[in-house]
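Asker: Fold the following and give me the result.
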Amino acid sequence: MTLPSEPPPRSYVVISPCRNEAAFMRRTLDSVVAQTLRPALWVIVDDGSTDATPEILADYAARHDWIRVLRNPDRGHRAVGPGVIEAFYAGYATIDPADYAYLCKLDLDLDLPAGYFKALIARMEANPRVGTCSGKTWYTGPAGQPISERIDDEMSVGASKFYRTACFQEIGGFVRAVMWDGIDCHKARQLGWIACSWDAPELRFEHLRPMGSSDKGVLTGRMRHGAGQYFMGSDPLYVAASAIYRLAHPPYLTGGAAMLWGYLRAALGGAPRLDDPELRRFIRAYQRRALRVGKRRAVAEIEAARAPLWQQHRTGSAT
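Answerer: Numbers count the residues shown, from 1 in each chain. Alright, predicted model coming up:
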């Protein structure tokens, strides 16, 4: 009996959905080309761009044989949330995940430090329970000052989702709905993995536009985030607390209010919810505990309680 071969230990594939990113993408492309540990393959899915994106991608693909470009037909508009994940899966369908130890969903409006992927992999090698991770994002404010996007430590940022391939497959990949980039971290933790992001100089990367502003502006993004919180089953008190917290951060007052309105509008309208009742209960239990003892302690308790489950899965897969 021939056992399946293991992928090279530091091999990783990057998949990037994009649409009309000509204004930002060269900085992302250049920052990935400059990585001290470059991807084995970079699949870029052009989701029907109508600007200079196709020409820029063709130029880079011609100069780098590890860059592959796919082109989807123009749908007539930018599709955020589930549309982004549909484009991601168009690229994912062209690879064999077993060929790579890690995979990354990467946006094309970022500027990464040169050692970014090497540093992530080193930290994951040091702790095999880390299933998904990222650095921290910032963007440039109106006066030229760097502004943190305040990524929670227990989440990997959606713009740069770096995954151990085994974890990505075990959680079933991304949900094709708004809030996919929060649901995946909760699912990973439910199964005993660690999801996290780190703040270190080699892991801080620039978001070339504020998070959530790619489609109709920041406030629309905040409302979409609130609707996503309802979809994944978040506790109302937790959402209210999050909205109040965001009142003091850009966009001041309106950002938190827009998030809360997005949640309430989804609830009042009877919007659908994530079809995973057990995960919804898990998320709510975590959130209620976080309100009482803080996120850091609530996450630590989950990670300690679920360590045997993670070990059981690893032992079971080895037998």
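
Asker: Can you give me the domain assignment for this structure?
Answerer: 12-207, 218-275 (automatic domain parsing).

Asker: Make CSV from these and add mean neighbour count, mean pLDDT and distance to residue 295 to it.
Answerer: Bear in mind the C-beta positions are built from the backbone N, C-alpha and C, glycine included. As requested, the domains of the chain are exported to CSV (neighbours: other C-beta atoms under 10 Å; pLDDT from 0 to 100; distance: least, C-beta to C-beta, whole Å):
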stretch, mean neighbour count, mean pLDDT, distance to residue 295
domain 12-207, 19, 95, 6
domain 218-275, 18, 90, 10
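
Asker: Relative to residue 300, which of these is closest?
Answerer: Of all the domains of the chain, the one in closest proximity to residue 300, counting by C-beta to C-beta, is domain 12-207 (9.6 Å).

Asker: Report the separation between the two terminal residues of that closest one.
Answerer: Taking C-alpha to C-alpha, to the nearest Å, the first and last residues of domain 12-207 lie 22 Å apart.

Asker: I'd like the distance from that domain to the chain centre, please.
Answerer: Computed by C-alpha atoms, centre = their mean, to the nearest Å, the separation of domain 12-207 from the middle of its chain amounts to 7 Å.

Asker: Could you pull up the residues touching residue 310?
Answerer: For residue 310, the contacting residues are 129, 191-193, by C-beta atoms under 8 Å, 6 or more residues apart in numbering.

Asker: Kindly recompute the last result at 6 Å.
Answerer: Contact criterion C-beta atoms under 6 Å, 6 or more residues apart in numbering gives 129, 192 as the residues in contact with residue 310.

Asker: so which strand or helix has it?
Answerer: Element membership of residue 310 [criterion: DSSP states H and E] is helix 295-318.

Asker: Over to residue 229?
Answerer: Using DSSP H and E, the secondary-structure element containing residue 229 is helix 218-231.

Asker: Spatially, and excluding backbone neighbours, which residue is closest to residue 35.
Answerer: Nearest residue to residue 35 in three dimensions, chain neighbours excluded: residue 117, at 5.4 Å (C-beta to C-beta, 6 or more residues apart in numbering).

Asker: Specify the local secondary structure of the one you found.
Answerer: Judged by DSSP: H, G, I helix; E, B strand; the rest coil, the three-state class of residue 117 is helix.
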